[in-house]
Structure formats: C-alpha cells, structure tokens
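Participant: sequence and predicted structure are below.
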Amino acid sequence: MRIKLKLSKLVIALFLIATGSLSSFAMEQKKIIKAIIKGKSPAYEEALSYIKENHPEDIPSLLRDEYLDDDDSLVRMRIIETLKLYPSTEIAGTWIEILSKTNNSKIEIDLLEYLHTEKIFTLHIADKLISPSTEVRQKAASLLKKEGNDRILPKLLILSKSQNPVERIYLLEALNYLYDVRFKNLVISFLNDENKSVRIYAIKCATENEIKESLTKIKQIAKSDENLEARKRAIEAIALFKDTQSAPILLSIIKEGNKELTLTSIQTLRILKISSAAATLSQMLETEKDDDIKKAILDSIITFGKSGNISGITFIAKSEKNFDIRIKAIYCLGVISEKEQAFNALIDCLNDNDYRIRAEACNSLGNLKHAQKSEILLNQLKNDSSRYVRTAALFSLQRIKNSKDIIHLFDIYSSEKDPVLRELLREYLREYIQKVSL
C-alpha cells in the first residue's frame with residue numbers, strides 16, 4: 001500500500017513536470033504553510049482540512065523548518081497542532097528534531113506528553129532528563145516511569161559516568177522517579193562524590209527511595225563531611241530513616257557548637273523521641289546563650305515527657321530574661337515525669353512579680369494533677385492580686401477535680417467580690433453539684 005502511494009505521488013510529480021505545473025504545486029505548498037503561520041482565517045481552516053484529509057508528504061518537513069526559524073511561540077504551537085494531524089510515527093524524524101531543538105518549557109512539556117506513548121520516542125524523551133528546566137526534567141522522568149521501559153537504563157548509566165556534576169545531579173533527580181534496585185549501589189557510591197551538591201542529592205535520593213544500606217555512609221557524612229549543608233541534610237536523613245541508635249552521633253555534633261547543626265540535631269532527637277538524650281539537653285540550658293537553641297531543647301524535653309535532669313529547666317524558669325522562653329520552661333515543668341521536683345520549682349514561680357509567670361505556674365500545677373497539693377492553688381485563687389492568675393488557678397483546680405476542694409471553693413465564692421471570678425466559681429460549683437446528684 002505504501003509503495004503504491006509513493007508511485008502515485010511519483011506519477012503526479014512527473015505529470016506536473018510534463019504539464020509545466022510543478023511551480024504551481026510548490027506555490028500551493030507555500031500557501032498552506034503561510035496560512036498555518038498566519039493563523040485564524042478561512043485559508044487556515046482550509047489548510048488544516050486539506051492536511052487532515054490528505055496527509056501531504058512534504059508539508060511536515062516544511063513546517064519543521066518554519067518551526068525552527070520562527071521564534072513566535074504562538075506560531076510554533078500552531079505548527080505543532082498541525083503536525084499532530086499526522087500519525088506520530090509516520091513523521092517521527094520531524095518530531096525528534098523539533099523535540100531536540102526546542103527550549104521553551106511549555107512546548108517541551110506538551111511534546112513530551114504527546115509523544116511518550118510511542119516507544120520510538122523513549123530515548124529522546126530520556127535526553128530531556130538533563131534539560132536546564134526543572135519542570136521539563138520532572139515531566140520527562142514521570143512519563144518514563146509511567147512507561148517503565150528498560151531501554152533507558154543504558155542512558156542512565158552513561159549519565160552516571162558524566163564528568164559534569166550537574167548531569168550527575170540530574171541523574172539523581174531522575175532516580176527519584178525511576179529508581180530501580182539495580183541502581184542501589186550507584187546511589188550509595190554518589191554519597192562519596194567529590195562534589196558536595198552531588199552528595200546532597202544522593203542523600204535525598206537515598207532517603208526518598210528508602211535505601212537503608214546508605215545509612216552508614218549518611219551517618220559518616222553527618223559526623224564529618226567538610227560541607228555544612230551536606231552534614232545538615234545527612235542529619236535530617238537520620239530522622240527520615242528513623243535511626244534511633246544515632247543519639248551518640250547527634251550529641252557529639254551538638255557539642256561542636258555550630259548553631260545550624262545543633263538545631264538540626266536537636267530537632268532529629270525530638271522527631272525520633274530519643275528520650276535518653278533528655279538529661280544532656282536539659283543540662284545545656286544552664287549555660288546556653290542562644291535563644292533558638294534554648295527553645296529547641298525545651299520543645300524536645302516536652303516531647304520526651306522527661307528531663308533526666310531538672311536543674312537546667314529550673315534555671316530557665318527562674319532566671320531566663322526572655323519572657324517567652326521562661327514561659328515555655330514553666331510549661332515544661334508541668335509535663336515532665338519528674339513531678340515532685342517540678343512541683344517544688346513551680347512553687348517558687350508563684351512568688352514571681354510578673355502575673356503572667358504566676359499564671360503559667362498555676363497552669364502547670366494543674367497539669368501535674370497533684371490532688372494533695374491543690375491547697376497551693378486554693379491559696380493562689382484566694383489571695384493573688386491578679387484576676388488572670390486567680391482564673392488560671394481555678395481552671396487548674398477544675399482539672400485536678402479533688403472533691404475535698406469543693407468546700408473551700410464554696411467559701412471563696414461566698415465572699416468573692418470580683419464579678420467575673422464569682423460567676424466562674426458559681427458555674428463550676430453548680431456543675432459539680434449536678435454531677436454528684438445524678
């Protein structure tokens with residue numbers, strides 16, 4: 001059938017030569033191309049209809065030349081839409097050349113989406129894995145993953161041997177989509193790459209693909225890599241791998257004194273809930289000068305639910321100049337497991353000149369839920385000069401729910417002058433009586 005079609009076209013060409021009409025045939029081709037370049041018009045619609053019906057053989061190469069010569073993106077998009085009227089495999093050479101020479105991200109992505117279903121284009125789509133455009137690289141990788149064609153593996157191996165670190169990085173980016181267990185050792189080898197950016201991307205690839213065999217090398221990077229960013233990413237990777245055995249490494253990094261690495265290490269200890277580190281972190285509070293590190297330590301101890309050494313938290317609760325950090329330390333005293341020691345520290349805070357400190361101490365005493373000590377809160381409710389503090393004391397007593405407090409609360413209610421406190425007391429007592437009577 002194909003041979004007959006070619007013979008037919010040859011006969012037509014010979015006829016045109018014989019009749020002197022070859023020049024007019026070329027003129028018709030030029031009109032078609034011109035109509036497509038110009039866009040919306042009756043001639044444009046006629047040209048599209050003609051191409052759709054006849055698939056003239058010479059038009060694709062002419063459109064390709066116009067595409068490569070014309071910088072107008074709208075014209076280029078019309079040319080592409082016109083070429084789509086042909087079966088893609090019949091004009092594969094045209095598509096491959098256009099794809100290889102296009103540097104417009106939007107058009108490239110459109111071409112990739114259109115061509116990816118035909119295997120003839122697979123290797124040419126793989127060439128886009130090293131496109132300067134992140135969007136194009138990601139689109140190419142995601143489409144190749146969807147097709148799952150092993151023909152791209154040699155192409156990936158060639159990239160792995162590239163002397164250009166950018167291409168090695170692009171390979172690692174692609175492997176986030178195209179990872180195959182056969183690439184495990186390759187990814188791990190990139191953790192030793194001389195280029196710090198390649199090492200960073202290798203860490204990312206190893207964590208996203210859960211290559212557990214990479215953890216030993218990642219911990220080594222965290223401990224001693226020459227690049228700060230690589231160390232930081234490695235510490236974060238320890239958290240992603242859920243390696244709860246890394247406390248000694250993380251604590252040794254903290255002792256180095258680099259703020260960024262210290263914060264990342266503390267955050268990792270917190271994520272992994274390595275409570276064995278609590279005592280060391282708490283002790284740091286007695287000498288630490290950086291506010292961000294203090295906050296990170298307190299957040300971690302709150303997550304652990306234990307301090308191991310309450311002296312550091314107590315020091316912050318009593319002596320910290322930064323109000324927010326001091327409040328956090330007082331809250332911390334209310335959630336750690338060393339309740340008796342915490343209770344004694346909170347009692348001292350009830351004598352502070354700042355009403356907000358006293359209120360937070362009342363709140364933490366309520367979190368301790370120490371029924372035998374509710375008399376402290378009753379005393380604060382009765383005698384403190386601040387409504388804010390007295391309200392905090394009342395709310396804590398409600399959480400403790402010690403039935404022996406009810407008589408004392410009723411006595412306070414009977415003589416209360418503050419209308420707000422009086423109403424709060426009345427509501428609580430009423431609620432309590434209703435529950436008891438049921």
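Facilitator: Alright, I've got the coordinates.
Participant: got a list of what the closest residue to residue 296 other than its chain neighbours touches?
Facilitator: In this structure, residue 296 finds its nearest non-sequential neighbour in residue 266, 4.4 Å apart by Cβ to Cβ, 6 or more residues apart in numbering. In short, each C-beta sits where N, CA and C put it, glycine included. Taking Cβ atoms under 8 Å, 6 or more residues apart in numbering as the definition of contact, the neighbours of residue 266 are 254, 281, 293, 296, 297, 300.
Participant: ditto for residue 88
Facilitator: Contacts of residue 88 (Cβ under 8 Å, 6+ apart): 95, 114, 115, 118, 121.
Participant: residue 399 contacts residue 364, correct?
Facilitator: No. Taking contacts as Cβ atoms under 8 Å, residue 399 lies outside contact range of residue 364: 11.1 Å.
Participant: these two: who's more crowded?
Facilitator: Taking neighbours as other Cβ atoms under 10 Å, residue 399 and residue 364 compare with residue 364 leading, 26 against 13.
Participant: with adjacent residues omitted, what lies nearest to that one?
Facilitator: Nearest non-adjacent residue to residue 364 (Cβ to Cβ, 6+ apart): residue 334, at 2.8 Å.
Participant: cool, residue 135 as well?
Facilitator: That would be residue 105: by Cβ to Cβ, 6+ apart, it lies 5.4 Å from residue 135.
Participant: which parts of the stretch 51-200 of the chain are helices?
Facilitator: Taking DSSP state H, counting those that start in this stretch as the criterion, the stretch 51-200 of the chain contains helices spanning 59-69, 73-83, 92-101, 105-115, 122-126, 134-147, 153-160, 165-178, 184-190, 196-208.
Participant: I'd like those helices laid out as JSON lines, including distance to residue 275, mean pLDDT and mean neighbour count.
Facilitator: Formatted as JSON lines, the entries for the helices of the stretch 51-200 of the chain read as follows, by distance: least, Cβ to Cβ, whole Å; pLDDT from 0 to 100; neighbours: other Cβ atoms under 10 Å:
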{"stretch": "helix 59-69", "distance to residue 275": "64", "mean pLDDT": "90", "mean neighbour count": "18"}
{"stretch": "helix 73-83", "distance to residue 275": "59", "mean pLDDT": "90", "mean neighbour count": "18"}
{"stretch": "helix 92-101", "distance to residue 275": "56", "mean pLDDT": "93", "mean neighbour count": "17"}
{"stretch": "helix 105-115", "distance to residue 275": "49", "mean pLDDT": "93", "mean neighbour count": "18"}
{"stretch": "helix 122-126", "distance to residue 275": "48", "mean pLDDT": "91", "mean neighbour count": "20"}
{"stretch": "helix 134-147", "distance to residue 275": "40", "mean pLDDT": "89", "mean neighbour count": "18"}
{"stretch": "helix 153-160", "distance to residue 275": "42", "mean pLDDT": "85", "mean neighbour count": "15"}
{"stretch": "helix 165-178", "distance to residue 275": "33", "mean pLDDT": "90", "mean neighbour count": "21"}
{"stretch": "helix 184-190", "distance to residue 275": "31", "mean pLDDT": "94", "mean neighbour count": "18"}
{"stretch": "helix 196-208", "distance to residue 275": "24", "mean pLDDT": "95", "mean neighbour count": "23"}
